[in-house]
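A.B. asks: Predicted model and sequence below, questions to follow.
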2 protein chains.
Amino acid sequence: MEQYKRKEDCPLTFALTLIGSKWRLPIIWALWNGKILRYNELKRRIDGITNMVLSQSLREMENQGLILRKQYMEIPPRVEYSLTKDGEALIPSLESLAKWGKAMQNK
Amino acid sequence: MEQYKRKEDCPLTFALTLIGSKWRLPIIWALWNGKILRYNELKRRIDGITNMVLSQSLREMENQGLILRKQYMEIPPRVEYSLTKDGEALIPSLESLAKWGKAMQNK
DNA sequence: CTGGATCCTAGACGATACTG
DNA sequence: CAGTATCGTCTAGGATCCAG
């Protein structure tokens, strides 16, 4: 395995910056289950998240290429969110990690 | 896939509480490469970590079952750290995640 | 309906010094 | 050598209100 002079260069550390903060996984998870969700649908599925955090997270994740944002020019406004291909590619790793987490929980 | 009423019940969220904070991965990584390391060896391999953070992280990870601490009753003191079986079981998931992270970095 | 702006706090993390 | 103690900093996230 390779060594990285800076932690930031490590792909694993980099991956965690994309999914490691508090609400990232719930958002990804909701989109994985919901496939395509409007803003408020998403919000309702993620218990306890505020507008502030949700909208900000979505914007960041869009910039990072995890999430697709599609805006319809209608009144009232409609915006739909979904995972990108890259975002979906993350799922198997998460399932692997979840499997380990589940084993750890049962100890 | 299952739904969890509370985020804390999700095995994936739980897994991230074990490895998600700033220095957990570097520690795990150093032990994965070093197999068995004394406190100061470990510290030298993790650039920038302080005694405070390292010792505290090690104690927590020991309690969580990720790390094994073996203390020899000698003068001067010797303490060796290594990954437990459970800690080692985490590695494949991390490698999967790292692979995804690397692909994301190259975009 | 889909957010943005503002203000605030807790907890993680850092720096430095010290000890059995 | 292998840690603790203490104190200071800093930022992610929470609460509330507002807007196109």
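C.D. replies: Nice, thanks for sending it over.
A.B. asks: okay, CA-based contacts and neighbour counts for the rest of this
C.D. replies: Fine.
A.B. asks: Helix or strand for the spatially most central residue of chain A, just tell me which one.
C.D. replies: With distances taken as C-alpha atoms, centre = their mean, residue A:28 lies nearest the centre of chain A, 3.3 Å away. Using DSSP states H and E, residue A:28 falls within helix A:24-34.
A.B. asks: Beyond that helix, next helix or strand please.
C.D. replies: Counting by DSSP H and E, the element that comes right after helix A:24-34 along the chain is strand A:37-38.
A.B. asks: That following strand - what's its average pLDDT?
C.D. replies: Throughout strand A:37-38, pLDDT has a mean value of 98.
A.B. asks: immediately after that strand, which helix or strand?
C.D. replies: helix A:39-45.
A.B. asks: Wait, residue A:38 touches residue A:81, no?
C.D. replies: Yes. Between residue A:38 and residue A:81 there is a contact under C-alpha atoms under 8 Å: 6.1 Å.
A.B. asks: neighbour count winner among the two?
C.D. replies: Between residue A:38 and residue A:81, residue A:81 has the larger neighbour count (other C-alpha atoms under 10 Å in any protein chain shown), namely 21 against 17.
A.B. asks: The more buried one belongs to a strand, doesn't it?
C.D. replies: Yes. Counting by DSSP: H, G, I helix; E, B strand; the rest coil, residue A:81 falls inside a strand.
A.B. asks: Quickly note the distance from it to DNA strand C.
C.D. replies: As judged by C-alpha to the nearest atom of the strand, to the nearest Å, residue A:81 and DNA strand C stand 8 Å apart.
A.B. asks: Skipping adjacent residues, who's closest to that residue in space?
C.D. replies: residue A:69 (4.8 Å; C-alpha to C-alpha, 6 or more residues apart in numbering or on different chains).
A.B. asks: give the contact list for residue A:64.
C.D. replies: The contact partners of residue A:64, by C-alpha atoms under 8 Å, 6 or more residues apart in numbering or on different chains, come to residue A:18.
A.B. asks: which helix in chain A runs the most residues?
C.D. replies: Determined from DSSP state H, the single longest helix within chain A is helix A:91-105.
A.B. asks: which parts of that helix are buried?
C.D. replies: A:91, A:93, A:94, A:96, A:97, A:98, A:99, A:100, A:101, A:102, A:104 (16 or more other C-alpha atoms under 10 Å in any protein chain shown).
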